[in-house]
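>>> Sequence first, then the predicted structure, then my questions.
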Amino acid sequence: MELEDINTVAVLGAGNMGHGIAEVVAMAGYDVNMRDIKDEFVQNGYEQIEWSLNKLAENDQLTEEEADAALERVTPLVDMAEACGDADVVIEAVPEQMEIKKDVYTELEEVADDDAIFATNTSSLSITNLAEFTERPERFCGMHFFNPPVRMDLVEVISGAESSEETLETIEALAEDVGKTPVRVHKDSPGFIVNRVLVPLMNEACWLVHDDEATIAEVDSTTKYGMGLPMGSFELADLTGIDVGYHVLDYMHEVLGEAYEPSPLFEQKVEDEELGKKTGKGFYDYEDGEGAQIPTDEQSELVEKRLIATLANESAKLIGNDVAPPESIDEATKLGAGFPDGPVKMADEFGIENVLEALEEAYEETGHARYEPADYLEERTEAGGFYEQDGGDEATEFETIRIEYPGDHVGHVVIDRPHRMNTISDDLLEELSEAVDLLEDDDEVRSILLTGEGEQAFSAGADVQSMAGSGADPLEITELSKAGQEAFGKLESCEMPVVAGIDGFCLGGGMELATCADLRVASERSEFGQPELNLGLIPGWGGTQRLKHIVGEGRAKEIILTAERFDAETMADYGFVNEVVDNDDLTERALELATDLAGGPPIAQKFAKRAMLAGRDDTDAGLEYEASAFGQLMATDDLMEGITAFMEDEEPEFEGK
Ligand SMILES: C/C=C/C(=O)SCCNC(=O)CCNC(=O)[C@H](O)C(C)(C)COP(=O)(O)OP(=O)(O)OC[C@H]1O[C@@H](n2cnc3c(N)ncnc32)[C@H](O)[C@@H]1OP(=O)(O)O
């Protein structure tokens with residue numbers, strides 16, 4: 001079966017994951033039969049979908065018509081034959097118990113079409129074992145969505161022992177068609193990718209505290225502010241449910257052995273039924289205490305070393321056993337767990353030899369199997385890292401941005417941290433600065449287009465988490481401010497025209513960055529603001545100086561001192577946004593503008609920009625520059641070309657000479 005053959009998708013289970021998956025699939029235009037065992041369960045799921053679609057419409061992520069149409073495509077059902085009889089794909093999301101799943105598949109086999117594909121959303125059970133409950137193991141695979149499906153981009157597509165390539169490709173195509181990013185898990189291995197990395201991380205955090213090597217505060221301070229993960233290891237366990245993590249770990253322990261022995265602290269929490277946020281208490285107390293209050297300044301080198309070693313060792317086992325290659329592990333973990341960098345990349349940055357040393361040291365000290373280095377880790381240590389280290393003379397590789405060349409002399413810089421609202425880290429500042437140099441040196445590029453990946457944000461500003469992680473050292477933060485001022489200044493004084501295409505949030509440092517473009521086009525749904533004062537800060541990447549040149553001092557003060565959010569139309573009235581366009585037209589219009597500017601006379605553009613910048617605070621200097629530039633332009637071929645084309649009523653072709 002191919003993607004084109006899929007019209008109806010049945011989702012079994014209307015719980016949290018089931019109704020979320022049904023919503024996502026219906027939004028993509030498929031007819032969805034959502035089935036559960038009781039009418040009240042399916043009705044409840046249906047109401048949740050309705051609520052969520054309304055929220056998306058309220059936030060302009062869907063039109064009301066699209067939301068209504070998606071809801072209409074969902075049919076809540078209890079009868080298995082009615083739900084699955086004509087389904088091309090059945091996605092099972094029933095409770096994670098083998099017996100329940102076995103009954104469901106037995107009943108399903110009796111009514112489903114012979115050609116239908118079955119996909120399970122299990123996060124912890126074996127795909128191969130589940131496939132055995134059906135008569136179609138080749139048309140069976142894992143399709144693991146993340147919670148909540150409507151927001152999380154990742155879908156792990158897992159091969160069971162007998163899944164056919166055609167089945168896997170069709171399910172990957174379906175995942176893509178419903179707007180998700182599929183990552184292939186080549187072998188059915190406990191925890192697949194994301195849980196396989198995260199659950200041992202939580203377990204290691206528990207071991208460190210149990211063995212009195214660190215406190216919960218130290219572990220979480222290190223995880224969140226030292227390693228820059230989206231939350232502390234204990235905070236994460238509390239949020240996902242300690243029992244859920246424990247259940248996956250227990251299964252890994254059973255299948256993969258002693259390296260996955262749960263820490264007594266982990267076990268104790270489950271026994272005490274202190275399961276995290278959902279029970280009001282876990283590693284933190286959410287009812288009588290203040291919840292997860294994580295200090296920024298209790299980072300520990302030992303904790304960092306052990307946690308990175310754990311992530312690296314798990315990654316090595318996945319790669320070495322052909323479950324997934326490094327790129328897939330990194331991509332899945334970034335999309336599914338919001339890691340700023342994947343664990344393989346983190347290990348390489350930490351130094352794979354340091355990872356090996358940390359594991360060997362801990363193994364010698366404790367003798368515990370979890371520290372036994374994976375063979376593949378040892379192998380790669382000899383090669384110098386997980387990723388190929390050849391360096392060579394390949395094109396510059398960026399991590400936080402990417403450069404595209406859409407043609408017509410446009411260099412398109414995309415801020416590529418959608419999982420973190422395209423927030424700006426110090427790495428991003430460095431890469432942006434490098435990208436501007438690269439594009440300026442490239443004779444083929446004559447204008448720059450700057451956008452943010454995804455529809456949520458151009459950029460939500462500085463990554464406040466990593467900023468807090470610098471231990472609030474005033475000197476370090478001053479350096480960060482200067483680094484941002486310089487990187488953005490480079491864009492501002494860049495010799496070619498720069499267009500910012502703004503879609504979504506454009507806040508704080510994101511707005512300071514957009515301020516440095518020459519022209520700004522924004523989608524209707526975009527929101528702007530300098531919210532720094534709400535954080536007890538001030539704009540630190542040029543905002544107190546540059547914004548006033550665009551909107552005037554009065555408006556700049558209003559924007560900065562109120563710290564409010566402003567819609568795109570208001571920012572157009574204030575003169576910040578040059579053009580507001582329909583949400584769907586943003587990319588095309590921004591590129592069109594960048595292309596038009598790329599067709600302009602490069603030398604005159606450069607001189608015009610320089611003159612305007614030179615005259616900002618000193619009109620006389622600006623006028624002086626203008627006069628001299630005006631004179632120099634007389635000797636350019638571009639001037640001849642411009643005048644000739646004008647006289648002959650043709651389009652000029654400027655060459656920048
Ligand atoms: C020198 C420069 C200084 C600065 O730039 S200071 C920073 C200025 N920027 C801000 O203050 C914006 C802070 N962010 C927000 O106000 C909100 O967020 C938004 C309005 C952008 C979006 O709100 P919503 O749609 O409700 O989403 P959500 O759950 O708040 O955010 C989604 C995820 O994005 C992370 N995030 C957003 N902005 C930042 C940021 N600036 N630094 C670090 N993380 C950020 C959140 O924490 C969360 O993450 P999770 O999903 O893991 O909970």
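Ah, there it is.
>>> C-alpha from now on. contacts and neighbour counts both.
Will do.
>>> Quick one: name the residues of the stretch 401-550 of the chain near the ligand.
Within the stretch 401-550 of the chain, the positions adjacent to the ligand are 420-421, 423, 460-465, 481, 505, 507-509, 531-532, 539-541 by CA under 6 Å from any ligand atom.
>>> Just the buried subset of those, please.
Buried by 16 or more other CA atoms under 10 Å: 420-421, 423, 460-463, 465, 481, 505, 507-509, 531-532, 539-541, out of those.
>>> Which ones among those map onto helices?
Gln465, Ser481, Gly509 (DSSP state H).
>>> Just give me the least confident of the residues you listed.
Within the set of those, pLDDT is lowest for Gln465 (81).
>>> any idea how the protein splits into domains?
Using automatic domain parsing, the domain parsing of the chain gives 3-185, 194-383, 401-598, 602-647.
>>> List just the nearest of the ones in helices among the buried ones among the residues of the stretch 401-550 of the chain next to the ligand to Asp442.
For these, the residue nearest Asp442 by CA to CA is Gly509; the value is 27.1 Å.
>>> burial count for the nearest residue to Gly18 once chain neighbours are set aside?
In space, and not counting its chain neighbours, Gly18 is closest to Ala93: 5.3 Å by CA to CA, 6 or more residues apart in numbering. Residues lying near Ala93 (other CA atoms under 10 Å) number 27.
>>> ok, Gly18 - contacts?
With contact set as CA atoms under 8 Å, 6 or more residues apart in numbering, Gly18 has these partners: Val11, Leu12, Met34, Gly45, Glu92, Ala93, Val94.
>>> biggest separation within those, which pair?
Greatest spatial distance among the contacts of Gly18 (CA to CA): Gly45 and Glu92, at 14.6 Å.
>>> can you pull the contacts of the closest residue in space to Arg546 that isn't next to it in sequence?
Distances taken as CA to CA, 6+ apart place Thr515 nearest to Arg546, at 7.0 Å, with adjacent residues excluded. By CA under 8 Å, 6+ apart, the residues touching Thr515 are Gly543, Arg546, Leu547, Ile550, Phe576.
>>> Tell me which residue in the stretch 151-300 of the chain sits closest to the ligand.
Of all residues in the stretch 151-300 of the chain, Pro230 sits closest to the ligand, at 5.1 Å by CA to the nearest ligand atom.
>>> What is the neighbour count of that residue?
When neighbours are counted by other CA under 10 Å, Pro230 comes out with 18.
>>> In terms of helix, strand or coil, where does it fall?
Secondary structure assignment for Pro230 (DSSP: H, G, I helix; E, B strand; the rest coil): coil.
>>> Next, the contact list for it, please.
Going by CA under 8 Å, 6+ apart, the list of residues near Pro230 reads Lys224, Ala337, Gly338, Phe339, Pro340.
>>> and the nearest residue to Ala309 once chain neighbours are set aside, how many neighbours does it have?
Sequence neighbours aside, Val355 is the residue nearest to Ala309 in space, at 5.1 Å (criterion: CA to CA, 6+ apart). By the criterion of other CA under 10 Å, Val355 has 26 neighbours.
>>> ok, Val355 - contacts?
Contacts here follow CA under 8 Å, 6+ apart; on that basis Val355 touches Lys305, Ile308, Ala309, Ala312, Ala347.
>>> residues near the first one, how many?
Looking back up the chat, that one is Lys305. 17.
>>> So which bits of this protein are right by the ligand?
Counting by CA under 6 Å from any ligand atom, the chain sits next to the ligand at 230, 420-421, 423, 460-465, 481, 505, 507-509, 531-532, 539-541.
>>> Show me where the stretch 301-450 of the chain has its helices.
301-320, 326-337, 343-350, 352-366, 375-383, 426-440 (DSSP state H, counting those that start in this stretch).
>>> Could you dump those into JSON lines and include mean pLDDT?
Output for those, formatted as JSON lines (pLDDT from 0 to 100):
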{"stretch": "helix 301-320", "mean pLDDT": "97"}
{"stretch": "helix 326-337", "mean pLDDT": "95"}
{"stretch": "helix 343-350", "mean pLDDT": "94"}
{"stretch": "helix 352-366", "mean pLDDT": "96"}
{"stretch": "helix 375-383", "mean pLDDT": "94"}
{"stretch": "helix 426-440", "mean pLDDT": "94"}
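>>> returning to that earlier point: now, among the ones in helices among the buried ones among the residues of the stretch 401-550 of the chain next to the ligand, which is nearest to the ligand?
The closest of those, once distances to the ligand are taken by CA to the nearest ligand atom, is Gly509, at 3.7 Å.
>>> Phi first, then psi, for the closest residue to the closest one other than its chain neighbours.
Nearest residue to Gly509 in three dimensions, chain neighbours excluded: Gly461, at 4.0 Å (CA to CA, 6+ apart). Here is the backbone geometry of Gly461 (degrees, to the nearest 10): phi 100, psi -160.
>>> Now Val577: closest residue in space that isn't a chain neighbour?
Arg520 (5.1 Å).
>>> and for the host helix or strand of the one you found, what are the contacting residues?
Secondary structure assignment for Arg520, by DSSP states H and E: strand 519-523. With contact meaning CA under 8 Å, 6+ apart, strand 519-523 is reached by 498-504, 514, 568, 576-586, 589-590.
>>> one more time with 7 Å, if that's ok
Strand 519-523 is contacted by residues 498-503, 568, 577-583, 586, 590 when judged by CA atoms under 7 Å, 6 or more residues apart in numbering.
>>> now do stretch 454-466
225, 228, 418, 421-425, 451-452, 502-510.
>>> repeat for stretch 153-163
127-128, 137-146, 168, 172, 175, 180-188, 332, 335-336.
>>> In strands only, show me the residues you listed.
Per DSSP state E, strands hold the following members of the contacts of stretch 153-163: Phe140, Cys141, Gly142, Met143, His144, Phe145, Thr181, Pro182, Val183, Arg184, Val185.
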